[in-house]
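> Need a 3D model of the sequence below.
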Amino acid sequence: MTTSPKRLDRIDIGILNQLQQNARITNSELARAVNLSQTPCFNRVRALEKLGLFKQQVTLLNPEPLGLRINVFIQVSLTKQDEDALRRFEEAIGERPEVMECYLMTGDADYLLRVMMPDIQSLQRFIIERLTKIPGISNIRSSFALKQVRYKTALPLPLSGLTLHEPDENTDTEWS
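Below is the predicted model:
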């Protein structure tokens with residue numbers, strides 16, 4: 001059975017944009033920001049939640065006062081790219097708290113990691129004692145971020161609205 005697509009209007013987009021900026025905003029403040037009364041605003045937030053649009057709510061911490069001053073991008077190439085090698089690498093990386101992001105890539109490197117560290121010695125220990133110990137790595141290249149020019153977590157949403165297509169339960173969601 002196919003479900004019809006859900007259309008998000010300007011108010012829905014406004015709600016999502018407000019919540020992306022401040023997940024702790026009160027319903028009263030949110031309703032005022034999107035020009036709704038409180039009950040319809042609350043109902044819309046619940047409906048958006050039921051659509052699965054909210055992945056999670058987090059508090060973004062400032063890394064500097066916590067001593068995390070080094071932001072490093074590490075390109076990792078594997079000796080082979082079969083399913084077992086990829087799984088093994090991803091599981092090992094998934095256990096490392098200093099790895100903030102990890103992407104399977106196209107191009108020269110197989111993976112791109114973003115790692116936060118307090119200092120160069122910590123980075124050296126991470127690379128030598130952790131990263132190089134993962135079986136199947138053929139090459140590691142690091143680049144230091146000198147300055148964070150832009151960092152955002154809010155997704156770009158069209159102000160005019162958009163149509164969501166809910167997954168069809170009969171559709172195979174695996175790419176072939």
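> In space, what's closest to the residue sitting furthest away from the middle of the chain - neighbours in sequence excluded?
Residue farthest from the centre of the chain, counting by C-alpha atoms, centre = their mean, is Ser37 at 31.9 Å. Of all residues not flanking Ser37 in the chain, Ala31 sits nearest, at 6.1 Å (C-beta to C-beta, 6 or more residues apart in numbering). C-beta: built from backbone N, CA, C; applies to glycine.
> Pull out the buried residues from the helix or strand harbouring the one you found.
In this structure, Ala31 sits in helix 27-33 according to DSSP states H and E. Within helix 27-33, the residues that qualify as buried are Leu30, Ala31, Ala33, counting by 16 or more other C-beta atoms under 10 Å.
> just checking, next helix/strand downstream of it?
helix 38-50.
> What residues sit buried inside that next one?
Buried, per 16+ other C-beta under 10 Å, within helix 38-50: Cys41, Arg44, Val45, Leu48.
> Repeat that for stretch 135-152.
Quick answer for stretch 135-152 (16+ other C-beta under 10 Å): Gly136, Ile137, Ile140.
> The residues you listed in helices, which ones?
Among those, the subset assigned to helices under DSSP state H is empty.
> close enough to count as contact, Ala154 and Asn17?
Yes. Counting by C-beta atoms under 8 Å, Asn17 is a contact partner of Ala154 at 7.1 Å.
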